[in-house]
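A.B. asks: dropping the sequence and predicted coords here.
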Amino acid sequence: MATLVTKNQTLKESSAIREFLKGKGLIYESFETPDIVASYLNKKSLDDAEKENLLSGLEYRFEELKSKFGYMARDLVVLHDEVPGINDILAKFDKLHYHTDEEVRYIVDGSGVFGFII
């Protein structure tokens, strides 16, 4: 699922990653993707209705997070190498930036690299 790399170690086991991040005040969870969203996973792009359907398929999970942690919003970003303007989209994410509020980030399929200064 995930690999956590620090200057001193590389963690690949979910339990070790979860414990390390917990010590930094971060929560790492993983769960099976519901069957209802499976039809969207191999598509190279999604129209607005498909994005909303995908989010609706994950709504039960967001409701759990909202109830448990008080989250108020979630977002969906579809990234694929054939998405029109993909380089411009990716440029939004490659600069150091800060989040002053907590954020729910679903990675439904594929992979990504997230850097943290903690």
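C.D. replies: Arrived safely.
A.B. asks: can you pull out the helices in this structure?
C.D. replies: Per DSSP state H, the chain carries helices over the ranges 14-23, 48-57, 59-69, 86-91.
A.B. asks: to residue 30, which of these lies closest?
C.D. replies: For these, proximity to residue 30 was assessed by Cβ to Cβ; helix 14-23 is nearest, at 6.3 Å. Where C-beta positions appear, they are placed from N, C-alpha and C, glycine not excepted.
A.B. asks: which strands or helices does the closest one pack on?
C.D. replies: The criterion is 3 or more Cβ pairs under 8 Å, 6 or more residues apart in numbering; DSSP states H and E, and the helices and strands that helix 14-23 contacts are strand 4-5.
A.B. asks: in JSON lines, list the helices of the chain along with distance to residue 29 and mean pLDDT.
C.D. replies: As requested, these are exported to JSON lines (distance: least, Cβ to Cβ, whole Å; pLDDT from 0 to 100):
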{"stretch": "helix 14-23", "distance to residue 29": "8", "mean pLDDT": "94"}
{"stretch": "helix 48-57", "distance to residue 29": "17", "mean pLDDT": "88"}
{"stretch": "helix 59-69", "distance to residue 29": "9", "mean pLDDT": "89"}
{"stretch": "helix 86-91", "distance to residue 29": "25", "mean pLDDT": "86"}
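A.B. asks: okay if I get these as TSV plus distance to residue 76 and mean neighbour count?
C.D. replies: Formatted as TSV, the helices of the chain follow (distance: least, Cβ to Cβ, whole Å; neighbours: other Cβ atoms under 10 Å):
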stretch	distance to residue 76	mean neighbour count
helix 14-23	23	14
helix 48-57	5	14
helix 59-69	11	13
helix 86-91	13	11
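A.B. asks: reformat those helices as JSON lines; add distance to residue 6.
C.D. replies: Shown next, in JSON lines, are these (distance: least, Cβ to Cβ, whole Å):
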{"stretch": "helix 14-23", "distance to residue 6": "8"}
{"stretch": "helix 48-57", "distance to residue 6": "32"}
{"stretch": "helix 59-69", "distance to residue 6": "25"}
{"stretch": "helix 86-91", "distance to residue 6": "24"}
